[in-house]
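[1] Need coordinates for the following:
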Amino acid sequence: MHEMEITQHILQDVLQIAKENQAKKVTEISLILGPFCGFVPECIQMYMDVISKDTIAENVQIKVKEIGLKVYCNQCHKESEIDRRHIECPYCHSMDLKRLSGKECMIESIKVE
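    Next up is the predicted model:
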């Protein structure tokens, strides 16, 4: 249910941006989500459908771009991108990794009329 809170923040930010740009309708919101942000895109869309009613963002479509998980290997000192199924350094196979990204949740862009 934590998607409800983030969806409220997304809508609030999008409506402010739309107002500043004198938009009449928001048709699409593009989000960037990291693999460990903890948000389910389908839930964000579901909550947006409910809370955007009677706003200029009513019926807005949520588009999601998922980004990779960047890590730093404490053994070979290289940065790389991994996925959650292969949690080892692709260079030296160490699991002594420091996460550099993965919890992102950002508005990338909005489409307005």
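
[2] what's the burial count for Leu11?
    19 (other Cβ atoms under 10 Å). In short, each C-beta sits where N, CA and C put it, glycine included.

[3] Surely it touches Asp54?
    No. In this structure Leu11 lies outside contact range of Asp54 using Cβ atoms under 8 Å: 12.0 Å.

[4] what about the helices in the chain?
    For the chain, the helices defined by DSSP state H occupy 2-20, 41-51.

[5] Which one of these lies nearest to Val112?
    Taking Cβ to Cβ, helix 2-20 is the member of the helices of the chain nearest to Val112, at 5.6 Å.

[6] For that closest one, buried residues please.
    Glu3, Ile6, Thr7, Ile10, Leu11, Val14, Leu15, Ile17, Ala18 (16 or more other Cβ atoms under 10 Å).

[7] Please work out which residues outside it touch it.
    26, 29, 31, 38-40, 43-44, 46-48, 51-52, 55-57, 60, 105, 107, 110, 112 (Cβ atoms under 8 Å, 6 or more residues apart in numbering).

[8] Below-threshold pLDDT in the protein: ranges please.
    1 (pLDDT under 70).

[9] Fine by me, thanks again.
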